[in-house]
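[1] Sharing a sequence plus its predicted fold:
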Amino acid sequence: MITAESLIKAHAAHVAFVAEEPPATDLHALAYHVTIAAERMVDAGITLAEEMDQAATYLYDARDAEPEKRQVLLDMAADYLKLTRDAVDEYRDML
């Protein structure tokens, strides 16, 4: 089962690199960092980053959602974040 903690563990450090922030420790910070990272990577021409912006929307919505709806939103965010590491690697290669 996807949880906020599992998403943070899987993606916070990679996203933080691009966002130039310390790794997120909560869902709100992760959503914010994903938004910043997506903008920077889109500006750099990394097309994989467009899906990250959608993931951020789901993460923001999940923060205050009821438990059943929250799970659906976290699952959707996880789907959009699957290529995050590839996008970050592409960004690193451009530096």
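    Everything's here; your move.
[2] How far away from the center of its chain is the helix or strand containing residue 5?
    In this assignment (DSSP states H and E), residue 5 forms part of helix 4-19. For helix 4-19, the separation from the chain centroid amounts to 7 Å (computed by C-alpha atoms, centre = their mean, to the nearest Å).
[3] who does that helix touch, helix- and strand-wise?
    Applying 3 or more C-beta pairs under 8 Å, 6 or more residues apart in numbering; DSSP states H and E, one finds that helix 4-19 contacts helix 27-43, helix 49-63, helix 67-81, helix 84-94. In this view, the C-beta of every residue, glycine as well, is placed from N, C-alpha and C.
[4] Make JSON lines out of the ones you listed and add mean neighbour count and distance to residue 10.
    JSON lines is the format used below for the helices and strands packed on helix 4-19 (neighbours: other C-beta atoms under 10 Å; distance: least, C-beta to C-beta, whole Å):
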{"stretch": "helix 27-43", "mean neighbour count": "21", "distance to residue 10": "10"}
{"stretch": "helix 49-63", "mean neighbour count": "20", "distance to residue 10": "12"}
{"stretch": "helix 67-81", "mean neighbour count": "17", "distance to residue 10": "8"}
{"stretch": "helix 84-94", "mean neighbour count": "16", "distance to residue 10": "8"}
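[5] As JSON lines, these with mean pLDDT and distance to residue 6 would be great.
    Output for the helices and strands packed on helix 4-19, formatted as JSON lines (pLDDT from 0 to 100; distance: least, C-beta to C-beta, whole Å):
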{"stretch": "helix 27-43", "mean pLDDT": "95", "distance to residue 6": "11"}
{"stretch": "helix 49-63", "mean pLDDT": "92", "distance to residue 6": "13"}
{"stretch": "helix 67-81", "mean pLDDT": "95", "distance to residue 6": "8"}
{"stretch": "helix 84-94", "mean pLDDT": "90", "distance to residue 6": "13"}
